[in-house]
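**Student:** Need the 3D shape of this:
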Amino acid sequence: MRLGFIGFGEASFELSTGLKQEGVEMIFAHDVMLNHPAFGAQIKKRASQAQVEILAAPEDVLEKVEVVIVAVPADKAYGVSEELKPYLKKDCVYVDVSASTPKVKQNISKNIEGNGVLFVDAAMMGSLPVYKHKVPILASGSGAERLVSLMTPYGMDIKKVSSNPGEASAVKLIRSIHMKGVAALYLELLEAAHAFNVEKLVLDSLSETMDGNSFEQTMNRLVTGTSIHALRRSIELDGSIQMLEASDIDSSMSKAAKDKLQHLADVNLREKFKGQKPEHWLDVIKACKEENAAINS
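**Tutor:** Presented below is the predicted three-dimensional model:
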């Protein structure tokens, strides 16, 4: 196995460290910051620690490898694919692990696949310092299956999502809506609970409500119930916002939730569902889609 990295930051360092231990002998890398006065020394130090051979130009890496992992900032990912395109060999597996949007991943795929290159949109779903090369990875694109067959013998945890580039990144970015959004909501909730000295009462009450069912059961109950009670819940949340503002506590998450509830009330799903709670969250999403399409037509 001959593996290459374009961009040798933390992700590339952690992956290559683990893969070396699994027996991948030939790992090459290039980083545009190699000779940077502030960052160059760290890149070289990491490469030495991981036993990775640093090469002076990206084309030197591409000449040697079967699989190239492109680990660059999201705003640079497409531009880097343009720079690498002339040097990509037929059947090379091009793995983009950036946090780019699905559209960018699709554009990169279109850009390079004319050369007979296999493209992989790879979304890393865990902490690299913790998991190293065993970090769970979702993969989509023309090269996903090939990547799985080449790299799982070296301990990598790669799951093919589909052959459509962008779908792996979509999973990660959509998941982030929940993970980042809930963290921000918790901060607002805890700040308020602490200010009113009711932390234990609030947390105990929430635990009793949330702990009895699975995540999906709870989500389904909240979404289906809200679909027919959005207006009332929006009005009730306005009281929470007034309380926060009176105490000089940031209410941005509560305001955003109120706006979302008001939008749901405006499309009047209560009438569509005849006041009866639907069985499944998908019924709500489909109804929202239909109503929004009618409004925008």
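
**Student:** I figured Thr152 hits Ile158, correct?
**Tutor:** Yes: contact criterion Cβ atoms under 8 Å: Thr152 and Ile158 qualify, at 6.2 Å. Yep, even glycine has a C-beta here, placed from its N, CA and C like the rest.

**Student:** Next, Gln242: secondary structure please.
**Tutor:** Following DSSP: H, G, I helix; E, B strand; the rest coil, the label given to Gln242 is helix.

**Student:** Got the phi and psi for Ile27?
**Tutor:** Dihedral angles of Ile27 (phi, psi; degrees, to the nearest 10) stand at phi -120, psi 130.

**Student:** likewise His30?
**Tutor:** Note on His30: backbone dihedrals following degrees, to the nearest 10 are phi -140, psi 140.

**Student:** before we move on, what about Gly18?
**Tutor:** Dihedral pair for Gly18: phi -70, psi -40, per degrees, to the nearest 10.

**Student:** Same check on Arg2?
**Tutor:** For Arg2, the backbone dihedrals are phi -120, psi 110 (criterion: degrees, to the nearest 10).

**Student:** Likewise for Phe119?
**Tutor:** Dihedral angles (degrees, to the nearest 10) for Phe119: phi -110, psi 140.

**Student:** Could you report the neighbour count for it?
**Tutor:** Number of residues near Phe119 (other Cβ atoms under 10 Å) recorded here: 26.

**Student:** Tell me which stretches of the chain form strands.
**Tutor:** Counting by DSSP state E, the chain has strands at residues 2-6, 26-30, 53-54, 67-70, 93-96, 118-124, 137-140, 158-162.

**Student:** Which of these sits closest to Ser252?
**Tutor:** Ser252 sits nearest to strand 118-124 of all those, at 27.9 Å, using Cβ to Cβ.

**Student:** ok, which stretches of the protein are helices?
**Tutor:** Assigned by DSSP state H, the chain shows helices spanning 10-21, 40-50, 58-64, 77-84, 102-112, 128-131, 144-151, 167-195, 199-210, 215-246, 252-266, 269-272, 281-296.

**Student:** okay if I get the ones you listed as TSV plus distance to Cys92 and mean neighbour count?
**Tutor:** Output for the helices of the chain, formatted as TSV (distance: least, Cβ to Cβ, whole Å; neighbours: other Cβ atoms under 10 Å):
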stretch	distance to Cys92	mean neighbour count
helix 10-21	17	21
helix 40-50	22	16
helix 58-64	7	18
helix 77-84	10	18
helix 102-112	9	20
helix 128-131	23	14
helix 144-151	10	20
helix 167-195	19	15
helix 199-210	48	12
helix 215-246	40	15
helix 252-266	44	17
helix 269-272	50	16
helix 281-296	39	13
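
**Student:** sorry, back to before: so for Thr152 and Ile158, which residue has more residues nearby?
**Tutor:** A direct count of neighbours by other Cβ under 10 Å for Thr152 and Ile158 places Ile158 higher, at 21 against 12.

**Student:** contacting residues for that one?
**Tutor:** Neighbouring residues of Ile158 by Cβ atoms under 8 Å, 6 or more residues apart in numbering: Ala122, Ile137, Leu138, Ala139, Ala144, Leu147, Val148, Met151, Thr152.

**Student:** mind listing what the residue nearest the centre of the chain touches?
**Tutor:** The centre of the chain sits closest to Lys172, judged by Cα atoms, centre = their mean, with a distance of 2.6 Å. By Cβ under 8 Å, 6+ apart, Lys172 lies in contact with Ala99, Ala123, Met124, Met125, Leu138.

**Student:** Which one, of the strands of the chain, ends up nearest to Thr218?
**Tutor:** strand 137-140 (24.2 Å).

**Student:** just how off-centre is the closest one within its chain?
**Tutor:** From the chain centre to the centre of strand 137-140 is a distance of 11 Å (Cα atoms, centre = their mean, to the nearest Å).

**Student:** packing partners for it?
**Tutor:** Strand 137-140 is packed against strand 118-124, strand 158-162, helix 167-195, with contacts defined by 3 or more Cβ pairs under 8 Å, 6 or more residues apart in numbering; DSSP states H and E.

**Student:** Name every strand pairing with the shortest one and say which way it goes.
**Tutor:** With DSSP bridges as the test, strand 158-162 is paired with strand 137-140 (parallel).

**Student:** ok, residues contacting stretch 106-121?
**Tutor:** Residues outside stretch 106-121 that contact it (Cβ under 8 Å, 6+ apart): 77-78, 81-82, 84-85, 88-96, 100, 102, 105, 139-144, 146-147, 165-169.
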